[in-house]
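Novice: Let's see this in three dimensions:
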Amino acid sequence: MTDNAWWGGGLYFSCLGCGRCCAEAPGTVSFTADEELAMAGALGVSATEFRALYVWRRYGKPSLRERANYDCVFLEPAARRCSIYGARPSQCLEFPFWPDVLSSRESWDRFAVTCGGMNQGDFHDAGEISARLQRQLGVKRTP
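Specialist: This is a model prediction of the structure:
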């Protein structure tokens, strides 16, 4: 996979903790059944209650809800921090190494306009990027 990938030489990224990846644009946050249970547990609610309060269907699949301004429901407005950070879904953990972000250099650069941590900070080699991408592509996301 990395032989022909534009990112084969590696990429730089360090999270700045700004919360922009959790806000400001519509999107979907997929999760596995195990991740759903972890999030519900972190909130002290049952899986049924978690689904009723925090999940909706987007593009035919379960996704974490967004507020009217497109912020993730778990993004604390004032602190700009995730209220379930320790139990966040793997999709959140893997940002910006998502299939759509890695689809082209142009896509990476579009995301980098709003994410100041991209193209700076820690170096991630092609092997790590490939593994992170495979986790995103290989995880069954239907709770």
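Novice: got any ranges where the protein has weak pLDDT?
Specialist: Residues of the chain that meet the criterion pLDDT under 70 lie in 1-4, 139-143.
Novice: Grab the longest strand from it for me.
Specialist: Assignment by DSSP state E gives strand 118-124 as the longest strand of the chain.
Novice: What strands line up against that one, and which way round?
Specialist: Here strand 118-124 has these sheet partners by DSSP bridges: strand 11-13 (antiparallel).
Novice: List the buried residues in the partner strand.
Specialist: For strand 11-13, burial by neighbour count (16 or more other C-beta atoms under 10 Å) applies to 11, 13. No exception for glycine: its C-beta is placed from N, CA and C like everyone else's.
Novice: Please renumber the chain so that the first residue is 38 from this point on.
Specialist: From this message on, residue numbering opens at 38, which makes the last subject strand 48-50.
Novice: What lies in contact with the helix or strand just after it?
Specialist: The first helix or strand that comes after strand 48-50 along the chain, using DSSP states H and E, is helix 70-80. For helix 70-80, the surrounding residues in contact (C-beta atoms under 8 Å, 6 or more residues apart in numbering) are 68, 83-84, 86-88, 91-92, 121, 123-127, 179-180.
Novice: Which positions in the host helix or strand of R169 come out as buried?
Specialist: For R169, the host element (DSSP H and E) is helix 163-175. For helix 163-175, the neighbour count (16+ other C-beta under 10 Å) marks 163, 166-167, 169-170, 173 as buried.
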